[in-house]
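1. the sequence and its predicted three-dimensional model are supplied below.
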Amino acid sequence: MRLLLLTLTPRYLLLTVAVTGALVVALAALAAPSDTLYVTLPLLAFFSFFAALGVRDVMQTKHAILRNYPIAAHLRFILENIRPEMRQYFFEADKDGSPFPRDKRAIVYQRAKKELDKRPFGTMYDVYENRYEWLHHSMAPKEPAHVPFRILIGGPQCAQPYSASVFNISAMSYGSLSANAIRALNKGAAMGGFAHDTGEGGFTPYHRENGGDIILQIGSGYFACRNPDGSFSPEKFAQISANPQVKMVEIKLSQGAKPGHGGVLPAAKVTEEVARIRGVEPGRDCISPARHPAFSNPIELMSFVAELRRLSAGKPIGTKLCIGHPWEFLAVVKAMLETGITPDFIVVDGKEGGTGAAPLEFMDHMGMPLRDGLAFVHSALVGANLRDRIKIGASGKITSAFDLARVMALGADWCNAARGFMFAVGCIQAQQCHTDRCPTGVATQDPARQRGIDVPSKAERVAQFHKQTVKALAELIAAAGLNHPHDLKPHHFMHRAAPDRVVTFAELYRPLKPGELLSGTNDLRYAHAWSVANADSFDPYESVVTLPHVIAAE
């Protein structure tokens with residue numbers, strides 16, 4: 001009786017139609033000749049299906065909207081599922097879209113395919129809008145360099161320095177990416193003469209298959225070089241790092257997508273093979289700790305750097321981190337000075353980096369953006385007279401030559417990109433990376449889905465994207481009247497701070513003078529943090545309540 005009364009409510013119109021239709025067709029089928037069943041039976045099945053669905057909707061308790069709008073409310077769930085695709089394909093303008101706008105994705109696709117990458121009819125940016133930025137050109141431009149830009153990485157304590165491209169593949173693990181995606185990326189790196197970072201998931205057979213240069217990343221889970229209890233295994237590390245394909249080793253302290261959180265590979269992606277390579281249990285979330293068990297303070301971190309250098313027979317050893325508390329990084333700088341041990345490189349990851357699955361709060365509001373963190377690290381090393389011993393890499397939403405040039409002006413020696421190279425392999429920004437249902441086969445362990453990646457053709461696109469982007473960088477450098485990216489300085493870039501005010505990057509990101517931290521600085525961005533930084537602990541010497549929160553710009 002209650003259900004009958006509900007069917008009289010307008011909200012239950014579709015349920016009423018379905019139930020009524022099922023009854024009418026059923027009665028008609030009973031009265032009609034048997035040779036008309038081919039018409040009545042499909043109709044009966046149609047109305048009965050929706051009648052049963054509507055009754056189920058009314059009786060279930062999980063979704064209030066289905067109880068109140070049986071059958072009709074399913075349209076809402078359908079529209080929600082296709083909303084990202086509808087927005088991307090029909091409603092986004094070229095400068096819209098997040099995290100990468102359509103034109104940024106398009107330039108990667110075009111360069112990867114070696115298609116026309118020029119634009120007609122002028123810029124689509126409002127050049128008088130706040131935050132618009134540009135690079136000064138020269139009245140006496142140079143000829144673009146024809147030799148790919150490279151940088152030698154390896155400080156005075158390094159026995160096997162590495163000549164790296166200024167543009168490399170950032171850390172993405174096998175497990176997060178598919179085997180075919182790893183194959184294509186590494187083969188492209190081998191073809192183009194640039195490096196491929198393994199991510200913390202380990203140096204796998206798919207990284208070895210095509211012989212591309214490898215940056216071996218060691219995360220807090222020590223995957224592929226860990227003991228059964230999860231601790232670091234010097235023996236396994238020495239064996240892996242001895243491979244001539246491994247050119248550098250990177251200690252991941254944190255990543256921009258979720259700094260301070262630790263890595264997470266969802267259980268859906270932890271196959272038997274992934275589990276075997278990483279040394280973990282299959283079918284369960286693979287979680288790396290938020291901090292490294294191998295060291296507990298800055299001095300121990302430097303000792304760990306020295307130990308990895310020894311175990312790898314003198315290969316470049318560096319760290320990767322997203323900057324957080326400023327006194328913690330300055331404590332590491334003090335540990336360098338105190339021990340005399342310096343990493344060969346530091347990769348600064350901006351919080352805008354985002355290939356890793358992360359909680360929303362971490363992804364949106366934790367960690368320092370790339371440019372602020374990069375300027376801080378560069379300036380701190382200059383202020384401690386250590387900059388000439390340590391190279392700096394930068395990663396975080398870098399896809400174009402302008403992106404490379406901009407961070408190089410702020411102190412980066414080279415740049416890494418993750419999502420840009422994912423686009424080159426075929427990623428369409430479906431944002432299904434964490435579900436194992438990537439539609440292009442890039443970020444999944446589903447064999448049927450990853451079959452969509454043809455390794456030879458995608459490797460060619462990876463190599464072409466790198467080549468064309470570095471070529472565009474050479475043209476930018478030449479147009480500015482310079483010879484090499486290391487000639488770029490903050491004063492070459494302009495930033496519109498207000499409609500009537502334009503400033504240089506030198507004004508936005510004022511660097512310390514050489515040795516200024518050692519002689520005593522009055523710069524409020526560094527003075528208090530330096531005074532409380534403690535080489536023996538990541539905790540400050542004293543309360544930091546009064547610490548100014550202006551780090552890299554005023």
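-> That came through fine. Numbering: from 1, shown residues only.
2. hey, where'd the strands end up in the stretch 401-550 of the chain?
-> With strands called from DSSP state E, counting those that start in this stretch, the stretch 401-550 of the chain shows them at 414-417, 493-498, 501-504.
3. what's the burial count for the nearest residue to T504 once chain neighbours are set aside?
-> Sequence neighbours aside, H491 is the residue nearest to T504 in space, at 4.9 Å (criterion: C-beta to C-beta, 6 or more residues apart in numbering). Every residue, glycine included, has its C-beta placed from N, CA and C. The criterion is other C-beta atoms under 10 Å. On that basis, H491 has 12 neighbouring residues.
4. how about H491, what does it touch?
-> Under the criterion of C-beta atoms under 8 Å, 6 or more residues apart in numbering, the neighbours of H491 are 504-506.
5. could you do F423 as well?
-> With C-beta under 8 Å, 6+ apart as the criterion, the residues that contact F423 are 100, 105, 108-109, 112, 399, 429, 465.
6. can I get the strands of the stretch 401-550 of the chain in TSV with mean pLDDT?
-> Formatted as TSV, the entries for the strands of the stretch 401-550 of the chain read as follows, by pLDDT from 0 to 100:
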stretch	mean pLDDT
strand 414-417	96
strand 493-498	94
strand 501-504	94
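7. go through these and pick out the most buried.
-> For those, average neighbour numbers computed from mean count of other C-beta atoms under 10 Å are highest in strand 414-417, which has a mean of 27.
8. mind listing residues that contact it?
-> The list of residues contacting strand 414-417 from outside it, by C-beta under 8 Å, 6+ apart, reads 151, 153, 164-171, 197, 347, 391, 393-395, 398-399, 403-404, 407-408.
9. could you list the low-pLDDT ranges of this structure?
-> Applying pLDDT under 70 to the chain flags the ranges 1-8, 35, 91, 93-95, 97, 355-357, 543-554.
10. by contact count, what packs against the top helix by length along the chain?
-> Within the chain, and with DSSP state H defining each element, the longest helix by residue count is helix 455-479. In this structure, helix 455-479 makes packing contacts with helix 102-112, strand 167-169, helix 179-192, helix 401-409, helix 419-425, judged by 3 or more C-beta pairs under 8 Å, 6 or more residues apart in numbering; DSSP states H and E.
11. and the ones you listed as CSV, adding distance to A358?
-> Supplementary listing: the helices and strands packed on helix 455-479 in CSV, determined by distance: least, C-beta to C-beta, whole Å:
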stretch, distance to A358
helix 102-112, 21
strand 167-169, 20
helix 179-192, 20
helix 401-409, 22
helix 419-425, 14
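12. K252 is nearest to which of the ones you listed?
-> strand 167-169 (15.0 Å; C-beta to C-beta).
13. wait, doesn't E328 sit right on F538?
-> Yes - look at E328 against F538 with C-beta atoms under 8 Å: they come within range, at 5.0 Å.
14. quick check: neighbours shared by these two?
-> Once C-beta under 8 Å, 6+ apart is applied, the residues that E328 and F538 both contact turn out to be P298.
15. so how far is N130 from M172?
-> M172 sits 34 Å away from N130 when distances are taken as C-beta to C-beta, to the nearest Å.
16. between the two, who's got more neighbours?
-> M172 (27 against 11).
17. run a quick neighbour tally on E475.
-> Counted by other C-beta under 10 Å, the residues lying close to E475 total 14.
18. ditto for G122
-> Burial of G122 is recorded as 7 neighbouring residues (other C-beta under 10 Å).
19. same check, this time on W134
-> 16.
20. ok, now which ones touch it?
-> When contacts are counted by C-beta under 8 Å, 6+ apart, W134 is found next to 127, 493-494.
21. now, among those residues, which is nearest to L216?
-> F493 (33.6 Å).
22. endpoint to endpoint, stretch 512-526 covers what distance?
-> Its start and end residues considered, stretch 512-526 measures 9 Å (C-alpha to C-alpha, to the nearest Å).
23. so how far is it from its chain's centroid?
-> 32 Å (C-alpha atoms, centre = their mean, to the nearest Å).
24. stretch 107-125 now?
-> When C-alpha coordinates are averaged (C-alpha atoms, centre = their mean), stretch 107-125 and its chain have centres 23 Å apart.
25. and that stretch, what's buried?
-> 107-113, 117 (16 or more other C-beta atoms under 10 Å).
26. now the residues you listed as a markdown table including distance to K471?
-> Written out in a markdown table, the entries for the buried residues of stretch 107-125 read as follows (distance: C-beta to C-beta, whole Å):
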| residue | distance to K471 |
| --- | --- |
| I107 | 13 |
| V108 | 14 |
| Y109 | 16 |
| Q110 | 13 |
| R111 | 9 |
| A112 | 13 |
| K113 | 15 |
| D117 | 10 |
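27. and those residues, which is closest to D57?
-> The closest of the buried residues of stretch 107-125, once distances to D57 are taken by C-beta to C-beta, is Y109, at 42.4 Å.
28. quick check: the gap between that closest one and V470.
-> Counting by C-beta to C-beta, the separation of Y109 from V470 is 17 Å.
29. one more: G21?
-> With the distance defined as C-beta to C-beta, G21 ends up 65 Å from V470.
30. for these two, indicate the residue with more neighbours.
-> Counted by other C-beta under 10 Å, G21 and V470 do not tie: V470 has more neighbours, with 21 against 17.
31. mind checking how far the strand or helix carrying V24 is from the chain centre?
-> Following DSSP states H and E, one finds V24 within helix 13-31. Centroid separation between helix 13-31 and its chain, computed with C-alpha atoms, centre = their mean, is 54 Å.
32. got the CA positions of stretch 293-312 in PDB?
-> What follows is stretch 293-312 as a C-alpha-only set of coordinates in PDB (Å, rounded to 0.1, in the frame of the first residue of the first chain):
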ATOM      1  CA  PRO A 293      64.600   4.700   8.800                       C
ATOM      2  CA  ALA A 294      68.300   4.900   7.700                       C
ATOM      3  CA  PHE A 295      68.900   8.300   9.200                       C
ATOM      4  CA  SER A 296      67.300  10.500  11.800                       C
ATOM      5  CA  ASN A 297      69.000  13.900  11.600                       C
ATOM      6  CA  PRO A 298      70.900  16.000   9.000                       C
ATOM      7  CA  ILE A 299      74.400  14.800   9.900                       C
ATOM      8  CA  GLU A 300      73.200  11.100   9.500                       C
ATOM      9  CA  LEU A 301      71.700  12.100   6.200                       C
ATOM     10  CA  MET A 302      75.100  13.300   5.000                       C
ATOM     11  CA  SER A 303      76.600  10.100   6.300                       C
ATOM     12  CA  PHE A 304      74.000   8.200   4.300                       C
ATOM     13  CA  VAL A 305      75.000  10.200   1.200                       C
ATOM     14  CA  ALA A 306      78.700   9.300   1.700                       C
ATOM     15  CA  GLU A 307      77.800   5.600   2.200                       C
ATOM     16  CA  LEU A 308      75.800   5.500  -1.000                       C
ATOM     17  CA  ARG A 309      78.600   7.200  -2.800                       C
ATOM     18  CA  ARG A 310      81.000   4.500  -1.500                       C
ATOM     19  CA  LEU A 311      78.700   1.600  -2.300                       C
ATOM     20  CA  SER A 312      78.100   2.900  -5.800                       C
END
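33. mind checking how far it is from the chain centre?
-> Counting by C-alpha atoms, centre = their mean, stretch 293-312 comes out at 26 Å from the chain centroid.
34. returning to what we had before: can you list contacts of the helix holding V24?
-> Contacts of helix 13-31 with the rest of the structure, by C-beta under 8 Å, 6+ apart, involve 6-8, 37, 40-41, 43-44, 46-48, 50-51, 53-55, 57-58, 70-72.
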